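Just the structure for this:
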Amino acid sequence: MKQQNKKTVWTSSVTKFNRWGNAFVTPFTLVFLIFSVYPVLRTFFLSFTNLRVMGDYKMVGFANYIRVLKDKFFWKALLNTVRIWGVNIVLQLGMAFLLMMIFSDVKYKVKGLGLFRMIYYLPNLIAATSVAFLFQTLLDWRFGTFNIGINAVAKLLGLHYNPVNWLGSPAIAPITIAVIQSWMWFGNSFLMLMAGVQGIPGEYFEAAALDGANRYQIFTKITLPMIRPILMYVAITSLIGGLQMFDMPFLLESASGSAYQTTQTVMMYLYKFGFTAGSIQTGYASAVAYVLFLLILIVSIIQLRIFRRKEN
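Okay, the predicted model is just below:
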């Protein structure tokens, strides 16, 4: 009887504890369901309708999805996105990788890592609107600091310099946006890669050094394999963020500009039909959102399998 009473008291205490836990979790759960789950499900439902702004609508089945797949402007926007992301990811991961190699090198032993982390991560903390305004000023083809500075150096060298329209040229604007995106995000990639390196036990490096391994061997045989999960995470999250690129191209380019056709991303195309007055087609915009989601999902799965195959 005493054991049963103790068990009953213990069960009652656990039940009360769980109730309090559920009470604390309930506000977050409600917010998550209302602002995260419901919009996703609602968007999926609307993608099968002909809804434009508000009011009546009817179900149209897969008509919106078929329209997306046949829409050459959607695929053009996707190609623009991939081009900008491709340059961005090469520069972003390239700079992050180079810095990681320097700061993790057993020979250099660079000091002040905390200060450098702060400096490199700082662009990621600046609001996108502020960054866009800054580079619009710096890259103005007539009065921008970049063109004025390059022109001054060219005059000193006795050369002639034609001002470059960094944000207005259809060929140069996508590269310019990609470079700006790389500058904003390479610090974030660097921090994650360095976190992976610092998680490697120091005994591995010491044993390799005692065995006579050089820096290249230490990096390729110890550092690189050990940070492969971090590399996979950085690659997949960079892909997801890149295909959802919106703020910087949207803020730097005007819809009436000559470079808009080469800098319009998928998210800008979605925004046009989802929120731009005069062209709102909510049902079609919802379908664009889910087609983009499926593309990101497929490419992410491919990346995941590639990394896992390399591990095996």
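
Run through the stretch 101-250 of the chain and note the low-pLDDT ranges.
For the stretch 101-250 of the chain, applying pLDDT under 70 flags the ranges 105-110.

Which parts of it are helices?
Applying DSSP state H, counting those that start in this stretch to the stretch 101-250 of the chain gives helices spanning 113-125, 128-138, 145-156, 173-198, 202-210, 215-218, 224-226, 228-243, 247-252.

OK, contacts around the closest residue to Ile230 other than its chain neighbours?
Spatially, and ignoring its direct neighbours in sequence, Ile230 is nearest to Gly196 (3.5 Å; C-beta to C-beta, 6 or more residues apart in numbering). Yep, even glycine has a C-beta here, placed from its N, CA and C like the rest. Residues in contact with Gly196, defined by C-beta atoms under 8 Å, 6 or more residues apart in numbering, are 226-227, 229-231.

now that we have those, which one has the most neighbours?
Ile227 (23 neighbours; other C-beta atoms under 10 Å).

thought it was touching Gln198?
No - here Ile227 does not reach Gln198: they are 10.0 Å apart, not a contact under C-beta atoms under 8 Å.

need the contacts of Gly196 in JSON lines with distance to Ile301, can you?
Below are the contacts of Gly196 laid out as JSON lines (distance: C-beta to C-beta, whole Å):
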{"residue": "Met226", "distance to Ile301": "24"}
{"residue": "Ile227", "distance to Ile301": "22"}
{"residue": "Pro229", "distance to Ile301": "17"}
{"residue": "Ile230", "distance to Ile301": "19"}
{"residue": "Leu231", "distance to Ile301": "17"}
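
Now do Leu79 against Lys221, distance only.
39 Å (C-beta to C-beta, to the nearest Å).

do the same with Thr43
From Thr43 to Lys221 the distance is 47 Å (C-beta to C-beta).

now Met118
Taking C-beta to C-beta, one finds Met118 at 31 Å from Lys221.

ok, the residue nearest to Lys58 when sequence neighbours are not counted - contacts?
Closest residue to Lys58 apart from its sequence neighbours, by C-beta to C-beta, 6+ apart: Asn50 at 5.9 Å. By C-beta under 8 Å, 6+ apart, the contact set of Asn50 is 57-58, 60, 63-64, 283.

what's the spacing between Asn50 and Thr137?
44 Å.

Gly86 too?
27 Å.

same deal with Phe97?
When Phe97 is compared with Thr137 (using C-beta to C-beta), they lie 31 Å apart.

cool, Pro249 as well?
Pro249 is 17 Å from Thr137, by C-beta to C-beta.

neighbour count winner among those two?
Pro249 (26 against 12).

Cross-check the contact I'm expecting between the more buried one and Gln264.
Yes - counting by C-beta under 8 Å, Pro249 touches Gln264, with 7.2 Å between them.

ok, back up a step: in CSV: the contacts of Asn50, plus pLDDT and distance to Ala128.
Compiled in CSV, those are given as follows (pLDDT from 0 to 100; distance: C-beta to C-beta, whole Å):
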residue, pLDDT, distance to Ala128
Tyr57, 86, 34
Lys58, 91, 38
Val60, 93, 35
Ala63, 95, 35
Asn64, 95, 30
Gly283, 94, 29
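
Closest to Gln303 out of these?
Nearest to Gln303 among the contacts of Asn50 is Asn64, at 27.9 Å by C-beta to C-beta.

residues near that closest one, how many?
24.

Now do whatever helix or strand it lives in: which elements does it pack against?
Element membership of Asn64 [criterion: DSSP states H and E] is helix 63-70. With contacts taken as 3 or more C-beta pairs under 8 Å, 6 or more residues apart in numbering; DSSP states H and E, helix 63-70 sits against helix 282-311.
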